[in-house]
Structure formats: C-alpha cells, structure tokens
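Q: below are the sequence and a predicted model; questions follow.
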Amino acid sequence: MTSSFFYESGRYVSNIVISMKITSYESLQEQLKSLIDNSQMSVYQMIIVGICFILNMNDGVDVLVVSFTSSDIAKEWALSDAALGYIFSAGLAGMTLGCFFLAPLGDKIGRRYMFITSLILISAGMLGVYFVNAYGQLLALRFLTGLGIGGILPTMASTASEFSNAKNRDFNVGLIQAGWPVGAILTGFFVAWAVPMHGWRFAFLIAGIISTLMLVLVVVYMPNSLAFLGKEQPEKAHAQINTLLEKMGHEGIESLPEKPQKEASVPISALFTPEYKLSTMILWVAIFFGFLTLYTLLSWIPKIAKTSGMDAKTATYVGTILNLGAVMGTVGFGLLAKNLGLRNLLLSFMTIAFGAMVIYGNFKLDYTLIFLMTLLIGFFVQGGFNGFYPIAARVYPSAIRSTGVGLAMGVGRFGAILGPALFGILSDNGFTIAERFNLFSLPLLVAGVLAYNIPSKNLD
C-alpha cells in the first residue's frame, strides 16, 4: 500500500510531498520517525512537551515538600537524623520500585495510561499525609507517592523524546527535567509562608490537590504516541494516528499494516543484547552514583542550613536556591549540549560539582557565600545529572525506550535510597559536615567518568 504525508513550506521543511510505501510495521515506524525527525515542531507537539514539563514540576513539589518540612516533622515526633533519613528514603524506595515495575508497562499499555495510573497513586499518597498521626503511616504514604513518581518520571522522558524532532530532542528531554526544580522552588516559597501559619500537613494537602488537577489535565489532553499506536494497534488506532498527524500538521495514512507479532523475548533481555549490554551496565552504575549524591543534597540541604544556625525561613530559602541553581543548570546543559556533546558536558559539570561540594563542606562561609555556593552546587549537580535523561533516551530505540530509561533510573535509585539514609546515620555517628560532604562529592566524579565512557554509537 502507498500512503502520503504532506507538510507545507513555511511550516515545515519545504513544500514537497513525501510518498512512502508502508508494507510492514517496521516501515511504518521508520517513516513516522523520519517525518517527525525532519519536520519543525508543531504547536501541538510543543504543548505535549509542555505538559511533561508541568508534570515534572508537580513531581518536584511532591518529592521536595518533605525536605522543606523535615524540621517541623522531626520536631513534632522527636525524630533523630537517622529516622528522618528513613522518611526521605521511603519515598525514594517507592520511586525505585515504580521505575522497575510501573514505568516499563508504558511500552505495553501506552504512555497515556501510565501517566493516569501514576498520578492516581501520587494524589492518594499526598492527600493521605494530611491525616497521618503516626511515623509509620507517613513512611507508608511516602512510599506510595514514590511508587507513582517512579512510574511517571521515565515515561515523561520517553514521551518528550517521541514527540520531538531530531533538532530539539536532546534539549526537550533535558528541558522537562527543569520542571522538577521549578516545582521545588515554588514549594520552598509556599512552605516558608504556609507552614508557620497552617502547619506542615497543610503543605501536603495543597500538593495533593495539585496532583489531582494534573490527573485531570492528563485525562483530557495526553495521547498515546504514534510509535505505540502503530505497534500495539488498540481499537481505533488508525483514527488516533491520523488525528495525531493532523494535529502535528501532516496528512494521515490510508491504512495500517498488519499488526506485528508479540515479541517472544522478555523486554529486559533487549537491554542486554550485544549492541546495548555494555552501555546498559555503565549507564546503570553511573546513574546510581549520581543519584547517591543528588538526592542526599535535595533531602538534607534545608535541614543542614537550619542546624547551622539559620532560622527556619532562611533555611528554606537555601533549599530554594539549590533548586534555582538546578533550573539554571538544566537549561544551561540543554543549550550547551547542542555544541559540546552530551558526554563531554556531563563530565565537565560533574567535575565542577565535585569541587563546589568540597569548598562548601570544608570552608567557613558567611550567609552570602552559603547562598552562592548552594546555587553553584544546584547548577552543576542537578544540571549535570539531568543530562542522563537525554543520554538514556538516545541509547535505546523507541520500542524499548521506556523499559531502558525506566530500569536505568530504577537501578540508579538504589543510590537515591541509600544516600539520604546513610547521610543521617553518619550524622548520628559523629561525622562532621566536612567529612560527609567530602565523602558524598566523590560519586559525582565516578558518575561523570562513567557517562563519558558509555560506548553507544547514538551518543557520537
């Protein structure tokens, strides 16, 4: 069969007709990918990327609200640093399992339904915290929230990648990661105002309401991707594909090829074929070490600032500055990656972040320098770490992208689970701030060097 796609001069590349013979699923996927890669992005595609950005903002709110309210939680229940660290790690443990067991389902049930499932879990977990009256209940609800976040994070990266053209793909996948610290910044300002007036539970209530609104947004606007519709061909897949193509400014296809047979192999095995095995293993270890330090900083910086003598409001603003630096670093990384390449840039960011952490931990700083160094740490640590998302999205093809990205982030989150809890345990055992910062700066160098040596040809 022959199908034609059209795109007009001024809106896309040129005033030509691309005629394609679609005789198989593979041909359909290849031609659709080529069409998206070589066309300018439509307003509709930008909206989809924008929704992913907003969803990541929401996740930033849901994860960091516990960090900003940690001093109040610890005070109410007389918690040690180790017990507080377990609260941080409970959410991160849920995120890890979400990446392992929920995110890979996005390749099977579709990105849309994975978003919906994850947001239901997040909303239930956040709203439930408003009613807790025991430490164990809070641990369980943070785990539930983390489970939903773990399912949604890699799904956002895959969705942004599939709706972006080749020119903007790396930037867009990296850009949506900036939504996380933007959400965290807004959370910091909100917590500084709301908690003294209404208590720490009120912050979770508002965050839960926001998550519920995000669920409505996804139900109304978020579609499944062209790649998923072409492969799985659910009911009315042909009409859905043509509707998506029309919204992107293209003509539809005449008919669908025969639905491909189900793959006999277990999806995870595709990550360990000769082409991807070494890249997968290096990527997993690199992300583990990056997460180890990143989530330790995100969890503990406001508490450390308050322990150093700052009042609660000023300490909250230190955490906000960390995330402001993360926004700037994420956007900066995306802009620089176009010219400097993902490997070189990530290694450079991690090396500078290592130096900034050593300075922060080993030198006595006044409040101005504390804010400045915190800004730099946020810029280079999270800005650099977010480079792993476009790297992971590049390593794997569309058919296994959610599985590949999800499992990489899932394995890496064992570092996120370990880091905050270990930091609290070390504090209770007498380790100084300098000793802990020196120890937790080293994983950044390891992550940068490993990322530089990922052998995937798609990163060249």
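A: Received it, and whenever you're ready, just let me know what you need. Numbering: from 1, shown residues only.
Q: for stretch 176-193, buried residues please.
A: When burial is assessed from 16 or more other Cβ atoms under 10 Å, stretch 176-193 yields the following buried residues: 176-188, 190-192. Every residue, glycine included, has its C-beta placed from N, CA and C.
Q: taking these one by one, which sit in helices?
A: In this view, the buried residues of stretch 176-193 that belong to helices under DSSP state H are 176-177, 179-188, 190-192.
Q: least confident pick among the residues you listed?
A: Lowest pLDDT within those is found at residue 177 (75).
Q: quick one: contacts for it?
A: The contact partners of residue 177, by Cβ atoms under 8 Å, 6 or more residues apart in numbering, come to 56, 157, 330, 386, 389.
Q: name the nearest residue to the fourth one, sequence neighbours excluded.
A: This means residue 386. residue 177 (3.8 Å; Cβ to Cβ, 6 or more residues apart in numbering).
Q: tell me which of the ones in helices among the buried residues of stretch 176-193 is nearest to residue 359?
A: residue 181 (21.3 Å; Cβ to Cβ).
Q: within the helices and strands, which one has the residue positioned nearest the centre of the chain?
A: Centroid-nearest residue in the chain: residue 153, 4.4 Å away (criterion: Cα atoms, centre = their mean). Assigned by DSSP states H and E, residue 153 belongs to helix 135-162.
Q: got the buried residues for that helix?
A: 135, 138-162.
Q: same thing with stretch 113-129?
A: 113-119, 121-129.
Q: which residue ranges of the stretch 1-150 of the chain form strands?
A: 2-7, 16-21 (DSSP state E, counting those that start in this stretch).
Q: circling back to that earlier point, out of the contacts of residue 177, which one sits closest to residue 109?
A: Nearest to residue 109 among the contacts of residue 177 is residue 157, at 17.3 Å by Cβ to Cβ.
Q: tell me the spacing between that closest one and residue 275.
A: 20 Å (Cβ to Cβ, to the nearest Å).
Q: and what of residue 121?
A: Relative to residue 275, and taking Cβ to Cβ, residue 121 is found at 34 Å.
Q: before we move on, the earlier item: tabulate the contacts of residue 177 (CSV), appending pLDDT and distance to residue 212.
A: As requested, those are exported to CSV (pLDDT from 0 to 100; distance: Cβ to Cβ, whole Å):
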residue, pLDDT, distance to residue 212
56, 92, 17
157, 80, 23
330, 82, 26
386, 83, 27
389, 82, 26
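Q: next helix or strand past the strand or helix carrying residue 372?
A: For residue 372, the host element (DSSP H and E) is helix 367-385. Beyond helix 367-385 in the direction of the C-terminus, DSSP H and E gives the next helix or strand as helix 388-395.
Q: what's in contact with that following helix?
A: Residues outside helix 388-395 that contact it (Cβ under 8 Å, 6+ apart) are 157-158, 161, 169-170, 173-174, 177, 276, 279-280, 283, 286-287, 290, 334, 337, 342, 346, 401, 404-405, 408-409, 412, 451, 454, 456, 458-459.
Q: among these, name the ones in helices.
A: Per DSSP H, those map to helices at 157-158, 161, 169-170, 173-174, 177, 279-280, 283, 286-287, 290, 334, 337, 342, 346, 401, 404-405, 408-409, 412, 451.
Q: state the number of residues packed around residue 239.
A: Residue 239 has 11 neighbouring residues, counting by other Cβ atoms under 10 Å.
Q: give me the pLDDT value at it.
A: Looking at residue 239, the pLDDT reads 90.
Q: for residue 322, which non-adjacent residue is spatially closest?
A: Residue 322 sits nearest to residue 378 (Cβ to Cβ, 6+ apart), 4.1 Å away.
Q: just checking, that neighbour touches residue 329?
A: Yes. Residue 378 sits in contact with residue 329 when judged by Cβ atoms under 8 Å, with a separation of 6.4 Å.
Q: report all helices and strands that the one helix or strand residue 238 maps to contacts.
A: Using DSSP H and E, residue 238 maps to helix 237-247. Contact partners of helix 237-247 among helices and strands, from 3 or more Cβ pairs under 8 Å, 6 or more residues apart in numbering; DSSP states H and E: helix 226-232.
Q: in the helix it packs on, what's buried?
A: Of all the residues in helix 226-232, those buried under the rule 16+ other Cβ under 10 Å are 226-232.
Q: out of these, which is nearest to residue 444?
A: For the buried residues of helix 226-232, the nearest to residue 444 is residue 227 (34.2 Å; Cβ to Cβ).
Q: quick one, what contacts that closest one?
A: 29, 32-33, 162, 398-399.
Q: tell me the spacing between residue 417 and residue 153.
A: Shown here: residue 417 relative to residue 153, a distance of 15 Å by Cβ to Cβ.
Q: correction: the previous question concerned residue 437.
A: For residue 437, the distance to residue 153 equals 27 Å [Cβ to Cβ].
Q: domains of the chain?
A: Following automatic domain parsing, one gets these domains for the chain: 1-40, 43-226+269-459.
Q: out of these, the one nearest residue 237 is which?
A: Comparing those by Cβ to Cβ, domain 43-226+269-459 comes nearest, at 8.8 Å.
Q: now do the same end-to-end measure for the closest one.
A: For domain 43-226+269-459, the first and last residues are 28 Å from each other (Cα to Cα, to the nearest Å).
Q: by mean pLDDT, flag the weakest helix or strand of the protein.
A: Least confident helix or strand of the chain, by mean pLDDT, DSSP states H and E, is strand 2-7 with a mean of 39.
Q: so how far is residue 108 from the nearest residue to residue 270 once chain neighbours are set aside?
A: Once flanking residues are discounted, residue 270 sits nearest to residue 400: 4.7 Å by Cβ to Cβ, 6+ apart. The spacing between residue 400 and residue 108, counted by Cβ to Cβ, is 11 Å.
Q: ok, those two, which is more surrounded?
A: Using other Cβ under 10 Å, the more surrounded residue of residue 400 and residue 108 is residue 400, with 22 against 15.
Q: gap between that one and residue 35?
A: Counting by Cβ to Cβ, the gap from residue 400 to residue 35 is 21 Å.
Q: swap in residue 443?
A: Separation of residue 443 from residue 35 (Cβ to Cβ): 41 Å.
Q: out of these two, which sits in the busier spot?
A: Counting neighbours by other Cβ under 10 Å for residue 443 and for residue 35 shows that residue 443 has the greater number, 22 against 19.
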